[in-house]
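Asker: Sequence and computational prediction follow.
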Amino acid sequence: MASSSSSVIKDAKVLMVGAGGIGCELLKTLALSGFSDIHIIDMDTIEVSNLNRQFLFRQSHVGQSKAKVARDAVLKFRPKINITSYHANVKDPDFNVDFFKQFNVVLNGLDNLDARRHVNRLCLAADVPLVESGTTGFLGQVTVHVKGRTECYECQPKPAPKTYPVCTITSTPSKFVHCIVWAKDLLFTKLFGDKNQDNDLNVRSSDAASSSKNVDDIFEHSKDEDIAQYGRKIFDHVFGYNIELALSNEETWKNRNRPKPIYSKDVLSDELAKQNGNLDNDNACGDGLSVSAMSSLGMKNPQDVWSLRENSRILLEALRLFFTKREKEIGNLCFDKDDQLAVEFVTAAANIRAASFGIPLHSLFEAKGIAGNIVHAVATTNAVIAGLIVIEAIKVLKNDIKSYRMTYCLEHPSRNLLLMPVEPFEPNKSCYVCSESPVLLEINTNCSKLKDVVEKIIKAKLGMSLPLIMNASNLLYEAGDIEEDMVAIYDANLEKVLAELPSPVTGGTMLTVEDFQQELKCNINIKHREEFDEEKEPDGMVLSGWTQPVSAAEESVSNGANTSDTPLTAVESENDDDIGIVSPVKKRKLPDDSDQSNTADDTRHHKQLQVIDDEDDLVMLDGNLDGFKKRRVS
Ligand SMILES: Nc1ncnc2c1ncn2[C@@H]1O[C@H](COP(=O)(O)OP(=O)(O)OP(=O)(O)O)[C@@H](O)[C@H]1O
Ligand SMILES: [Zn+2]
């Protein structure tokens, strides 16, 4: 018989990882729900920016350990419970499998993929259930991972970074984000970044005037060229001339609004004679990273939406400041959301392009959010998610498998639901993290070297950093903190083993590869094969049987790597600006003896996941939810 909620709560020992936005809410909810033995790990100290939503922290706590302050704050209103805090990284070796084994359930309130993967692997190794969570803005999710019963955190490949077709960025932007990507990845990089990088900024037509040599000349700044003149030349080229060229291709504009070329003289007619910005005021606008076109031009409010003229002035002033104040960095700059001048330049350039294409302009504050992939955290979402974590944790403690739900918190109701509960999926049989079934490695055992197996397969494909390879109980190879000659001996071992394999091997030889640093173990079934297709299998080996990560679409310009600490990735739909809903990779229902009908045969695949950053993942569900059993979360 299932135990009562109150008894499982009373007896439970729980580990919380992360005491940030979700963690503060979670600790409070756990304590108020009657949990009395809670351990918290968080490696961070409190920052001022945490105070708006991490309500256990106060101004006076800034600089102190999050885990400890959270503990102390909750003990004030629940003095009799036991809370143990660790101001440490969960990846520290102290938090090993034995440490994890003491807990009945682990609850994640983390903000990065790396730590989440690590905890997932430790939970699998220690056989402790994991309740995983994340939020981004109004979106959130809580998932349950129980070894052998549900999929693990890594069963599904993580969505690839949001990408855009090159032509949308270079020729036919329709959203402000397209203009931001153009300004950041093309124009900014062309002017201030690596000059040798391939850049589609100039490819417009076969017109001789846009041949790459001429275009390169345009972007080249010669020492004696007046910087104001140079700035206007760039302006006219990218916002005027290039648009004229694009317009000459009538086909493109048959079903689209035609963009409007913008020349500096039209926008800044009265200023052409004088220097843009205020040269006399150069000292006032700071040095290095504090240099600012806004302060140089006396513009203060980052939330103002500048006019086309203001954007043009900011653009030219930012360009001038880069060339006069930060000349040494030119050629090596990468866009950084914390670089004020870079954000000003990108905002202005994106806005001028937006004006040209009839797209609404945005403030610097908004543009910075888009360019830096910043999604502002919402305290209420964290609170809702924390509540759901506790609900799932109680089900896990009661071993009430049939009631486990993954719950998605939506921004807009779908079928009148803001919280979408979905049955967990069964483990992915080809997941290399949790699957017990071996991956298959086909190689020519007569000539393959251990080095190749380790480098190409173990490290690169399985992501193991310090692999240790066993054949039955024989240690063949060990990486890491060992003497070089030992490595050579291990190396020779496998070569010997491979060389001695009966040729051709029919049944396969099982190698066990472990990486203790990551608590990851994988069985590799080696099978001999003589022939490899040189084109398709240039490595002379093929690894199959585990899920490959979704690769980014070809022919695309990335929206850039995530630079924020945003907990999860928003999923953007293709066709509108709303956060969209896409289906999970493949629906695999939790095994249920009483109902085999719609399990394995459901092969609905998802459309390509579109994400804003690559650090994390928030997988939402498709509008087609018929296949999912719904259950009210009470
Ligand atoms: N490897 C790790 N070990 C321990 N704690 C971690 C680890 N990685 C992340 N964390 C903690 O997870 C918490 C995540 O909280 P949250 O998402 O609110 O981020 P934040 O850093 O507090 O806020 P923000 O990034 O939005 O400014 C942080 O307190 C962070 O210190
Ligand atoms: Zn898995």
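Answerer: Received, thanks. Ligands and ions are numbered 1, 2, ... in the order given.
Asker: going forward, measure contacts and count neighbours with C-alpha atoms only.
Answerer: Fine.
Asker: Can you list the buried residues in the helix or strand hosting residue 488?
Answerer: Element membership for residue 488 (DSSP states H and E) is helix 484-500. For helix 484-500, the buried set under the neighbour-count rule, 16 or more other C-alpha atoms under 10 Å, comprises 487, 490-495, 498-499.
Asker: ok, now stretch 163-174?
Answerer: By neighbour count with 16+ other C-alpha under 10 Å, stretch 163-174 contains the buried residues 163-164, 166, 168-174.
Asker: With pLDDT, distance to residue 92 and secondary structure added, can I get those residues in CSV?
Answerer: Shown next, in CSV, are the buried residues of stretch 163-174 (pLDDT from 0 to 100; distance: C-alpha to C-alpha, whole Å; DSSP: H, G, I helix; E, B strand; the rest coil):
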residue, pLDDT, distance to residue 92, secondary structure
163, 71, 35, strand
164, 77, 38, strand
166, 80, 42, helix
168, 86, 45, helix
169, 89, 43, helix
170, 85, 46, helix
171, 87, 49, coil
172, 90, 49, coil
173, 94, 46, coil
174, 93, 47, coil
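Asker: ok, and which of those residues reach ligand 1?
Answerer: When contact is defined as C-alpha under 6 Å from any ligand atom, the buried residues of stretch 163-174 do not meet ligand 1 at all.
Asker: Just give me the closest of those residues to residue 384.
Answerer: Using C-alpha to C-alpha, residue 163 is the member of these that sits closest to residue 384, with 30.6 Å.
Asker: Any figure for the gap between that closest one and residue 334?
Answerer: From residue 163 over to residue 334 the distance is 18 Å, taken as C-alpha to C-alpha, to the nearest Å.
Asker: Which elements pack onto the helix or strand containing residue 343?
Answerer: Per DSSP H and E: residue 343 is located in helix 340-356. Based on contacts counted as 3 or more C-alpha pairs under 8 Å, 6 or more residues apart in numbering; DSSP states H and E, the elements that helix 340-356 packs against are helix 176-181, helix 293-296, helix 308-325, helix 364-371.
Asker: Among the buried residues of stretch 163-174, which one sits closest to residue 471?
Answerer: Distances from residue 471 to the buried residues of stretch 163-174, taken as C-alpha to C-alpha, are shortest for residue 163 (42.5 Å).
Asker: Okay, the closest one and residue 347: tell me how far apart.
Answerer: Using C-alpha to C-alpha, one obtains 20 Å as the distance from residue 163 to residue 347.
Asker: Kindly report the residues of the stretch 101-250 of the chain close to ligand 1.
Answerer: Taking C-alpha under 6 Å from any ligand atom as the test, the list of the stretch 101-250 of the chain residues beside ligand 1 reads 109-111, 115.
Asker: Also the chain?
Answerer: Counting by C-alpha under 6 Å from any ligand atom, the residues of the chain that sit close to ligand 1 are 18-21, 41-44, 50, 88-91, 109-111, 115, 565-567.
Asker: Can you list the residue ranges for helices in the stretch 51-200 of the chain?
Answerer: Using DSSP state H, counting those that start in this stretch, the helices assigned to the stretch 51-200 of the chain run over residues 66-77, 97-101, 113-126, 166-170, 176-181, 189-192.
Asker: For my notes, please list those helices in JSON lines and give distance to residue 11 for each entry.
Answerer: Conversion of these to JSON lines gives the following (distance: least, C-alpha to C-alpha, whole Å):
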{"stretch": "helix 66-77", "distance to residue 11": "18"}
{"stretch": "helix 97-101", "distance to residue 11": "15"}
{"stretch": "helix 113-126", "distance to residue 11": "19"}
{"stretch": "helix 166-170", "distance to residue 11": "57"}
{"stretch": "helix 176-181", "distance to residue 11": "50"}
{"stretch": "helix 189-192", "distance to residue 11": "57"}
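Asker: most packed of the ones you listed?
Answerer: With neighbours defined as mean count of other C-alpha atoms under 10 Å, the helices of the stretch 51-200 of the chain peak in mean count at helix 176-181, which reaches a mean of 25.
Asker: neighbouring contacts of it?
Answerer: Residues lying outside helix 176-181 but in contact with it, judged by C-alpha atoms under 8 Å, 6 or more residues apart in numbering, are 164, 168-169, 173, 346-347, 349-351, 353-354, 359-362, 367, 370-371, 557-559.
Asker: now swap in stretch 329-343 and tell me
Answerer: Residues lying outside stretch 329-343 but in contact with it, judged by C-alpha under 8 Å, 6+ apart, are 184-185, 188-189, 191-195, 289-293, 318, 322-323, 364, 367-368, 371-372, 563.
Asker: A ChimeraX selection for those, restricted to the buried ones, would help me check which they are.
Answerer: Restricted to buried positions by 16+ other C-alpha under 10 Å, the ChimeraX selection for the contacts of stretch 329-343 reads:
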select :184,185,188,189,191,192,193,194,195,291,292,293,318,322,323,364,367,368,371,372,563
